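In: coordinates only, sequence not included:
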Ligand code: FES
């Protein structure tokens, strides 16, 4: 298991123990943790509702695919550290990652 930290809108951080041996994406895992992610496209990089801003550990992530890049490019408020959580499969290298939900208020 790895630890993924989620920063809430009030600045507090929650540490979550995430499994890396179940083939879950970060989107699927955060949804399972009852974070408010619609994921209307089901993880196909088409809806951007799973967008997260990576606060720490960006270098631990896999490269963006063209599909992910193209989707993020359509968001008006995308940040250089924004990623689609459905495109990030949980793996041991992601231990210590810190994210916040892009659309969280
Ligand atoms: Fe739709 Fe990630 S779930 S883009």
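Out: Arrived safely, thanks for sending. Computed from a predicted structure; not experimentally measured.
In: What parts of this protein come near the ligand?
Out: 27, 39, 41, 43, 45-50, 84, 86 (Cβ under 6 Å from any ligand atom). C-betas here are computed from N, CA, C, even on glycine.
In: top of these by neighbour count?
Out: residue 84 (30 neighbours; other Cβ atoms under 10 Å).
In: what pairs with that residue across the strands?
Out: With DSSP bridges as the criterion, residue 84 is bridged to residue 51.
In: ok, it - contacts?
Out: 27, 45, 48, 50-52, 68, 71-72 (Cβ atoms under 8 Å, 6 or more residues apart in numbering).
In: Contacts only, for the closest residue to residue 19 other than its chain neighbours.
Out: Among residues not flanking residue 19 along the chain, residue 1 sits closest, at 5.6 Å (Cβ to Cβ, 6 or more residues apart in numbering). By Cβ under 8 Å, 6+ apart, the contact list for residue 1 reads 17-20.
In: can you tell me how far residue 1 sits from residue 92?
Out: Look at residue 1 and residue 92: by Cβ to Cβ, to the nearest Å, they are 9 Å apart.
In: Give the residues shared as contacts by the two.
Out: Common contact partners of residue 1 and residue 92 (Cβ under 8 Å, 6+ apart): residue 20.
In: all helices of this structure, in order?
Out: 26-32, 66-72 (DSSP state H).
In: Just say which of those is most tucked in.
Out: helix 26-32 (a mean of 21; mean count of other Cβ atoms under 10 Å).
In: Check which helices and strands it is in contact with.
Out: Here helix 26-32 touches strand 2-7, strand 13-18, going by 3 or more Cβ pairs under 8 Å, 6 or more residues apart in numbering; DSSP states H and E.
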